[in-house]
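>>> one predicted model, sequence on top.
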Amino acid sequence: MATNQPGYEIPAEMRDFAEKSVEQARKAIDGFMGAAQKTVDTFEGSATTVQSSAKDATRKTLSYAEQNITAAFDLAQKMVRAKDVQEAMQIQSEFVRTQFEAMQAQMKEFGSMAQSAMKPSTPSKK
């Protein structure tokens, strides 16, 4: 099914923008993974309860990493399919907004997990 329109070619600037967006997402995920790994490393040397929390944090980290990587590749795919610069900017804007919200929720959950892990490890008085 050929159309009468001339072939649509994605401008080089758009491809550069898409590549930079994917790279930014990768860097954000790398930073997130580094922070999560530091959290896990901190927990691993503690008591059994904290070690259990570290395992939960590890599972959450992997789950979040998978979600974030999927989102980054979805973005790249959408960007390449964008019909014009305006649509690409809208896609990028939505991605930044949703990823920011996701990162906030993820960090909030890690903070809560860290607080919960530290509470049982304080010695109780008899």
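All right, it came through fine. Numbering: from 1, shown residues only.
>>> residues contacting residue 39?
By C-beta atoms under 8 Å, 6 or more residues apart in numbering, the residues touching residue 39 are 54, 57, 110, 114. The way it works is simple: take the backbone N, C-alpha and C, and place the C-beta from them, glycine included.
>>> which one among these gets closest to residue 19?
Within the contacts of residue 39, the smallest distance to residue 19 is 29.7 Å, found for residue 110 (C-beta to C-beta).
>>> for this protein, which spans come out with low pLDDT?
For the chain, the stretches with pLDDT under 70 are 1-8, 42-51, 53, 117, 119-126.
>>> so which residues of it form helices?
Using DSSP state H, the helices of the chain run over residues 12-44, 48-81, 85-118.
>>> what about the second one, distance to the chain center?
This means helix 48-81. Centre-to-centre, helix 48-81 and its host chain are 6 Å apart (C-alpha atoms, centre = their mean, to the nearest Å).
>>> now it against helix 12-44, angle please.
180 degrees (axes from the mean of the first three to the mean of the last three C-alpha atoms, to 10 degrees).
>>> so residue 113 versus residue 41, what's the distance?
Separation of residue 113 from residue 41 (C-beta to C-beta, to the nearest Å) stands at 14 Å.
>>> compare those two (neighbour count), which wins?
Neighbours around residue 113 and residue 41, counted as other C-beta atoms under 10 Å, are more numerous at residue 113. The numbers are 17 against 10.
>>> quick check: that one vs residue 98, distance?
Going from residue 113 to residue 98 by C-beta to C-beta gives 22 Å.
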